[in-house]
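*Asks:* I need the structure of the sequence given here:
(2 chains)
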Amino acid sequence: MTNTYGVITLLAFSILLMLYISYRSYKKEQNHGSMESYFLGNRGVGTVILAFSLLATQYSGNSLIGYTAKVYRSGFAQLVYPVFMVSIVVGYLAFIPRLYVLAKRYKYITVADFLLDRFQSKSICFAAIVFLFWGIFVQFLEQLQATGTLFSGLNPNIPYWFGVVFLSIFLGIYVAIGGLKGTMIIQAFQGMVMLLGLVLLVVMSTVTFGGIGVSVQKLLVNEPTKFLPPPTTANILNWASTLILVGLGASLYAHSIQQFFAARDESVVKKSLSRMTVLTFITPMILFVVGIIAAAALPGLTGMASEKAIPQLIAQIMSRSELGYWTMAITLIAILMATLSTASGVLITITTMLIKDVYQGFINSHTNEKKVVSVARIMNFLIIILCVILVFEPQTTIWRLTVIKFEGILQAAPPILLGLYWPRAQKHAVLAGMIAGAFVAIGMSLAGHPTFCGVHGGLWGLLINFVVAVVGSLCIKNSISEVDRIKSRFIHVSRSSKA
Amino acid sequence: MREPTGGRIWAGFFVFFLCLIPWYWPRTSTMILFSQPAWAFCIVIALVGLVLYINYVIYQHWDIERHMREEKE
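*Replies:* Okay, here's the model as predicted:
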């Protein structure tokens, strides 16, 4: 059992610092009551803040605890983890360059603003909001579950619910104060602490249990299946499917897109993505190595117990030396930071979507901005209470939650991609595609067949989704005036691109 | 105007995608390279290649806003 006083002291210091940053951001920001200020930080976010906040958003409690636990269970076959994390940037390149320019020009706050403008259809907008909302809502649940797992794995005397409630209260306060910009500045700080903590984790794991070489030798002797490449064709297909599922799915996170919209200019977006690519390669490689070391050093954990592999590895290092204790205290803070950073970005986007896209878009479009921002601050707490109730008794592994999340988000990809690049994409066809895709993805999951030939149900759904949207658009054609409107507004973003 | 939407750019991503899936390795390979399974080492090298390629695409094939600003001026 680990003495947690040192960790709590460091944690208290970090919490005070984050609350201070949030308060400073609130005082500094002009135009407090406006939606652009609260939801997009007045579109004035710079490179360092954007790069580190994106990193901190992508790496969260679920990636640090849940994905690493998956490496523990599957061994090298889970090398797909760093691969799909880098692939997320490829996913961004598929649509962010054009969408960012359009968002700035037409003052979009969320991706739903673009869909409404492009398809002039509240139904498509609503369906996309449902899929994107599903994704970020599940991600928020993952963060709460990961914090509960972290605390209870570290010290069995700490109940699971304590981590969940602790994270929730603190999160609600600083998001309500800081808005998006305050949250992004804190996320950047959290991203830096996270990197430091992970470097300490891999160094101390290597010193304590032997490096990757020793672990590989142990696995080869004791658990050779964790050493070998994926054994069957279905496993190989599952690898490819996971790569696309997460690579494209995570790039469609509504909160990440909102963070891009907050960037000052295109060069900030480019530099941030460039830095993020490198960081997003280093970070999961560190976690992958830690997962392999844990698999060799702490064999025998299965099912839900394996979710606690990393907290237990940390607890063992802490119990062996003073240096181990304090370095791992920093690592624990780093994991909590990663969880908080993602949860905060997600929380503010959940509020944005509920208020801006759902309430203003479908119920009352004439609310004044000051009232919207005030309601947003209160709504943060209501969402938190609902989520705490939902994760009080964890029902499934964090990895399974991740897959379910991306299967939903992916169904929002065709309207965004076709909407940006294909003037003939027609609203009824696109909507039909989304419904068909969701039907396949949800149907396979409910039928107890989450994969077919190793490929995830969400990916089969995406395929059907695209086919229905494209074939339907070729049959039900847009009017000539509509095609001209789409070309001039969305496809020809500059005069020379018309040529 | 440069936008990363060209067929050649995405063909490049597709090649990396193929290299990043271990379909080309014998399923029972126990070869070790630099303290790792050889198949895993190859995937890591391909991943480094992808990181470099992404940066090349970002800086050489993406320049929309500056172009639009120049057009305006």
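
*Asks:* I'd like to know which elements the helix or strand encompassing residue A:379 is packed against.
*Replies:* Using DSSP states H and E, residue A:379 falls within helix A:369-390. Packed against helix A:369-390 by the contact rule (3 or more Cβ pairs under 8 Å, 6 or more residues apart in numbering or on different chains; DSSP states H and E) you find helix A:35-40, helix A:122-154, helix A:160-209, helix A:322-352. (C-beta placed from N, C-alpha, C; glycine too.)

*Asks:* Would you format these as JSON lines with distance to chain B and mean neighbour count included?
*Replies:* Listed next are those as JSON lines, based on distance: least, Cβ to the nearest Cβ, whole Å; neighbours: other Cβ atoms under 10 Å in any protein chain shown:
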{"stretch": "helix A:35-40", "distance to chain B": "17", "mean neighbour count": "23"}
{"stretch": "helix A:122-154", "distance to chain B": "22", "mean neighbour count": "24"}
{"stretch": "helix A:160-209", "distance to chain B": "11", "mean neighbour count": "22"}
{"stretch": "helix A:322-352", "distance to chain B": "21", "mean neighbour count": "25"}
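
*Asks:* need those helices in TSV with mean pLDDT and distance to residue B:1, can you?
*Replies:* Shown next, in TSV, are the helices and strands packed on helix A:369-390 (pLDDT from 0 to 100; distance: least, Cβ to Cβ, whole Å):
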stretch	mean pLDDT	distance to residue B:1
helix A:35-40	59	25
helix A:122-154	80	27
helix A:160-209	78	29
helix A:322-352	80	30
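
*Asks:* can you point me to the longest helix in chain B?
*Replies:* Across chain B, the helix with the greatest residue count (assigned by DSSP state H) is helix B:38-60.

*Asks:* circling back to that earlier point, any chance of the helices and strands packed on helix A:369-390 in a markdown table, plus distance to residue A:83?
*Replies:* Formatted as a markdown table, these follow (distance: least, Cβ to Cβ, whole Å):
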| stretch | distance to residue A:83 |
| --- | --- |
| helix A:35-40 | 32 |
| helix A:122-154 | 20 |
| helix A:160-209 | 18 |
| helix A:322-352 | 20 |
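
*Asks:* right, and those - which one's nearest residue A:360?
*Replies:* Nearest to residue A:360, of all these, is helix A:35-40, at 9.1 Å by Cβ to Cβ.

*Asks:* so how far is the helix holding residue A:379 from its chain's centroid?
*Replies:* 20 Å (Cα atoms, centre = their mean, to the nearest Å).

*Asks:* what does stretch A:107-123 give?
*Replies:* With Cα atoms, centre = their mean, you get 22 Å for stretch A:107-123.

*Asks:* now stretch B:38-49
*Replies:* How far stretch B:38-49 lies from its chain's middle: 12 Å, per Cα atoms, centre = their mean.

*Asks:* What about contact with chain A: does it have any residue there?
*Replies:* Yes. Against chain A, stretch B:38-49 shows contacts by Cβ under 8 Å from any Cβ of the partner chain at B:39-40, B:43-44, B:47-48.

*Asks:* Can you add distance to residue A:439 and pLDDT and give those residues back as CSV?
*Replies:* Compiled in CSV, the residues of stretch B:38-49 next to chain A are given as follows (distance: Cβ to Cβ, whole Å; pLDDT from 0 to 100):
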residue, distance to residue A:439, pLDDT
B:39, 38, 93
B:40, 38, 93
B:43, 35, 94
B:44, 39, 95
B:47, 35, 96
B:48, 40, 96
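
*Asks:* And those residues, which of them are buried?
*Replies:* B:39-40, B:43-44, B:47 (16 or more other Cβ atoms under 10 Å in any protein chain shown).

*Asks:* Could you find the closest non-adjacent residue to the most centrally placed residue in chain B?
*Replies:* Nearest to the geometric centre of chain B sits residue B:50, at 2.7 Å (Cα atoms, centre = their mean). Distance criterion Cβ to Cβ, 6 or more residues apart in numbering or on different chains; nearest residue to residue B:50, sequence neighbours excluded, is residue B:16 at 4.5 Å.

*Asks:* quick check: angle from the strand or helix carrying that neighbour to helix B:38-60?
*Replies:* Taking DSSP H and E as the criterion, residue B:16 maps to helix B:7-19. Per axes from the mean of the first three to the mean of the last three Cα atoms, to 10 degrees, the angle that helix B:7-19 makes with helix B:38-60 is 160 degrees.

*Asks:* which strands and helices sit next to the next helix or strand after helix B:7-19?
*Replies:* From helix B:7-19 onward toward the C-terminus, using DSSP H and E, the following helix or strand is strand B:32-33. Contacting strand B:32-33 under the criterion 3+ Cβ pairs under 8 Å, 6+ apart is no other helix or strand.

*Asks:* ok, 10 Å please
*Replies:* helix A:212-222, helix B:38-60 (3 or more Cβ pairs under 10 Å, 6 or more residues apart in numbering or on different chains; DSSP states H and E).

*Asks:* Can you list the strands that it pairs with?
*Replies:* strand B:36-37 (antiparallel) (DSSP bridges).

*Asks:* Can you pull out the residues in contact with the strand it pairs with?
*Replies:* A:75-76, A:79, A:212-213, A:216, A:219-220, A:226-229, A:289, A:292, B:22, B:25, B:29-31, B:42-44 (Cβ atoms under 10 Å, 6 or more residues apart in numbering or on different chains).

*Asks:* Quick one, which of those residues are buried?
*Replies:* Here, 16+ other Cβ under 10 Å leaves A:75-76, A:79, A:212, A:216, A:219-220, A:226-229, A:289, A:292, B:22, B:25, B:42-44 buried among those.

*Asks:* Can you name the residues that contact residue A:217?
*Replies:* A:210, A:227, A:296, B:32, B:35.

*Asks:* neighbour-wise, which of these leads?
*Replies:* Within the contacts of residue A:217, neighbour counts (other Cβ atoms under 10 Å in any protein chain shown) peak at residue A:227, which reaches 25 neighbours.

*Asks:* any idea how far that residue is from chain B?
*Replies:* According to Cβ to the nearest Cβ, to the nearest Å, residue A:227 and chain B sit 6 Å apart.

*Asks:* give the contact list for that residue.
*Replies:* Per Cβ under 10 Å, 6+ apart, neighbours of residue A:227: A:75-77, A:216-221, A:292, A:295, B:29-30, B:32, B:36-37, B:39-40.

*Asks:* go on, residue A:15?
*Replies:* Applying Cβ under 10 Å, 6+ apart to residue A:15 gives the contacts A:166, A:170, A:173-174, A:333, A:336, A:340.

*Asks:* Max pairwise distance over those residues: which two?
*Replies:* A:173 and A:333 (18.0 Å).

*Asks:* what about the stretch 351-499 of chain A, any weak spots by pLDDT?
*Replies:* A:369, A:392-402, A:494-499 (pLDDT under 70).

*Asks:* Show me where it has its strands.
*Replies:* A:451-452, A:455-456 (DSSP state E, counting those that start in this stretch).

*Asks:* Just name the most buried of those strands.
*Replies:* Scoring the strands of the stretch 351-499 of chain A by mean neighbour count under mean count of other Cβ atoms under 10 Å in any protein chain shown gives strand A:455-456 as the most buried, with a mean of 22.
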